[in-house]
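Chemist: structure, please.
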Amino acid sequence: MFDFDTPIDRRGTQSLKWDKYKERDVLPLWVADTDFAAPQAVIEALQARVAHGIFGYSRPSPRLIQLIVDRMAERYGWTIAPEWLVFMPGVVPGLNFACRAWCRPQQQIITPSPVYYPFLHAPEHNQRGVSHLPMQLVDDRWLPDFTALEALAPQADLLLLCNPHNPGGTVFTREELLRINDIARRHDLVVCSDEIHCDLLLDDVAHIPYASLNEDAASRSAVLMAPSKTFNIAGLCCSFAIIPNPKLRLSLQQSMRGLMADNNLLGFVAAEAAYADGQPWLDAQLSYLRENRDLIMAKLGRVPGVKIARIEATYLAWIDVSGLELDNPIQAFEAGGVGLSPGAQFGDGRFVRLNFGCPRALLDEALDRMLKVIDRHRQA
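Modeler: Now for the predicted structure:
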């Protein structure tokens, strides 16, 4: 019913992902968009709006707002009010404006490390200090070092959280989130939780929005979400924050004033269609991604010198290649025809990040190329 196998040629389409290598025979598995066509319902809704012919300033429709409200109730048992929603073009701007709104200049912002790299740069972009919270492997899952969080919290105003974790793929349990909430409560931290990958669950795990934990968590947090990663519509720039506390919501809106562009009209259209009619497509995509993840584990997971922790969510594999003793893993794999994201960008140069949101034949070829690089290195 849904075709994720047939390749779609993205060369020459101004694709950030594919244009990086242009004339080179390098398979791009780096930046986090997929190579799958969006759901047909999204495409048809966009075509209908384009046919209307007018692309003026726009606001989210009442239907889109209600779809989000209903989605939170149905998926998470979380009752939210429409006025809690703050729309923005992307989660990354949301992280930056959170730094401006909720951290005083003399205080620190706590960010996990390794983590999606805008987390590492948002504090400095906004003239705030940054404290790195180490992520560590516990029972094959990436978790914050809670002892370190306790030590860092007294000097901080804001904790940036990434759940599901990018690049580690962990979905935090209720118990783990409550440990974070306990520290945030005792040290009066605001928590800004990037949950953009919340729909991309590969294991039998439950995503729990941070602000849904309890009244305290709701009073001191913002949850950032978007349909962009889920339905491969990131280029249409439509995200939103859910902020129950009116004072936090107002301070964020004030920090955005005059600096944040309005959302893209077509982003609203795509989001509405995706949330209304995209679930069957999403279910099929998740099944496909699970098989892609399993292929990675079968081909790379048992290779001596390579370590891959459990990937509970996302379409991203965080691969420890330090045991291979490559001088420059990114250059080595690019020379072998595979383009990956450097771990140093996320805070740990021992790793590479691989995007497996692509047709299986492409992934299979990329993994074979990586294995050849590894074999050549060992024979050298």
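Chemist: Gly337: what's it in contact with?
Modeler: Counting by C-beta atoms under 8 Å, 6 or more residues apart in numbering, Gly337 makes contact with Asp25, Val26, Leu27, Ala366, Arg369. Quick note: C-beta positions are derived from backbone N, CA and C, even for glycine.
Chemist: against Gly169, how distant is Ala122?
Modeler: Separation of Ala122 from Gly169 (C-beta to C-beta, to the nearest Å) stands at 22 Å.
Chemist: ok, Ala273 next?
Modeler: 28 Å.
Chemist: can you list the domain ranges for this protein.
Modeler: 16-40+279-374, 54-277 (automatic domain parsing).
Chemist: export the ones you listed as JSON lines, with columns for distance to Phe4 and mean pLDDT.
Modeler: Listed next are those as JSON lines, based on distance: least, C-beta to C-beta, whole Å; pLDDT from 0 to 100:
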{"stretch": "domain 16-40+279-374", "distance to Phe4": "5", "mean pLDDT": "97"}
{"stretch": "domain 54-277", "distance to Phe4": "11", "mean pLDDT": "98"}
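Chemist: for these, give me CSV that also has distance to Thr6.
Modeler: Formatted as CSV, the domains of the chain follow (distance: least, C-beta to C-beta, whole Å):
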stretch, distance to Thr6
domain 16-40+279-374, 7
domain 54-277, 15
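Chemist: the ones you listed: which one's closest to Asp3?
Modeler: Closest of these to Asp3 is domain 16-40+279-374, at 8.1 Å (criterion: C-beta to C-beta).
Chemist: how far does that closest one stretch from start to finish?
Modeler: 27 Å (C-alpha to C-alpha, to the nearest Å).
Chemist: run the chain-centre distance for that domain.
Modeler: 15 Å (C-alpha atoms, centre = their mean, to the nearest Å).
Chemist: tell me the contacts of the nearest residue to Ser228 once chain neighbours are set aside?
Modeler: Leaving aside its sequence neighbours, Ser228 sits nearest to Ala234 (C-beta to C-beta, 6 or more residues apart in numbering; 3.9 Å). By C-beta under 8 Å, 6+ apart, Ala234 lies in contact with Ala32, Asp33, Ala226, Ser228.
Chemist: turn these into JSON lines, including neighbour count.
Modeler: What follows is the contacts of Ala234, written out as JSON lines (neighbours: other C-beta atoms under 10 Å):
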{"residue": "Ala32", "neighbour count": "20"}
{"residue": "Asp33", "neighbour count": "19"}
{"residue": "Ala226", "neighbour count": "29"}
{"residue": "Ser228", "neighbour count": "23"}
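Chemist: before we move on, what SS does the closest residue to Asp35 other than its chain neighbours have?
Modeler: Setting aside the residues directly before and after it, Asp35 is nearest to Cys358 in space (C-beta to C-beta, 6+ apart), at 4.4 Å. Look at Cys358: counting by DSSP: H, G, I helix; E, B strand; the rest coil, its state is coil.
Chemist: which stretches of the stretch 101-250 of the chain form helices?
Modeler: 118-125, 146-152, 174-187, 215-219, 228-231, 246-256 (DSSP state H, counting those that start in this stretch).
Chemist: mind checking which of these is nearest Val303?
Modeler: Among these, helix 228-231 comes nearest to Val303, with 27.9 Å by C-beta to C-beta.
Chemist: okay, the helices of the stretch 101-250 of the chain, which one's buried deepest?
Modeler: Ranked by mean neighbour count, those are led by helix 228-231 with a mean of 24 (mean count of other C-beta atoms under 10 Å).
Chemist: for that one, packing partners?
Modeler: Packing contacts for helix 228-231, counted by 3 or more C-beta pairs under 8 Å, 6 or more residues apart in numbering; DSSP states H and E, involve helix 265-277, helix 279-299.
Chemist: any idea how far it is from the chain center?
Modeler: The answer for helix 228-231 is 9 Å, by C-alpha atoms, centre = their mean.
Chemist: okay, it in CSV with CA atoms only?
Modeler: Provided in CSV are the C-alpha atoms of helix 228-231 (Å, rounded to 0.1, in the frame of the first residue of the first chain):
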residue,chain,number,x,y,z
SER,A,228,8.4,17.6,10.3
LYS,A,229,10.6,14.5,11.1
THR,A,230,7.5,12.2,11.4
PHE,A,231,6.1,12.9,7.9
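Chemist: for the protein, what's the longest strand?
Modeler: Under DSSP state E, the strand in the chain containing the largest number of residues is strand 129-138.
Chemist: which strands and helices lie in contact with it?
Modeler: strand 108-113, helix 118-125, strand 141-144, helix 146-152.
Chemist: any chance of JSON lines for the ones you listed, columns distance to Gln379?
Modeler: Below are those laid out as JSON lines (distance: least, C-beta to C-beta, whole Å):
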{"stretch": "strand 108-113", "distance to Gln379": "35"}
{"stretch": "helix 118-125", "distance to Gln379": "37"}
{"stretch": "strand 141-144", "distance to Gln379": "33"}
{"stretch": "helix 146-152", "distance to Gln379": "41"}
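Chemist: hang on, the earlier thing: what about the contacts of Gly337, which are in helices?
Modeler: Residues of the contacts of Gly337 located in helices (DSSP state H): Ala366, Arg369.
Chemist: just the buried members of the contacts of Gly337?
Modeler: Val26, Leu27, Ala366, Arg369 (16 or more other C-beta atoms under 10 Å).
Chemist: so the second one sits against Leu367, correct?
Modeler: So the one you mean is Leu27. No - shown here, Leu27 and Leu367 do not form a contact pair, counting by C-beta atoms under 8 Å, at 9.9 Å.
Chemist: before we move on, back to that, my guess is the residue nearest to Asp35 meets Thr34, correct?
Modeler: Yes - judged on C-beta under 8 Å, Cys358 makes contact with Thr34 at a distance of 6.7 Å.
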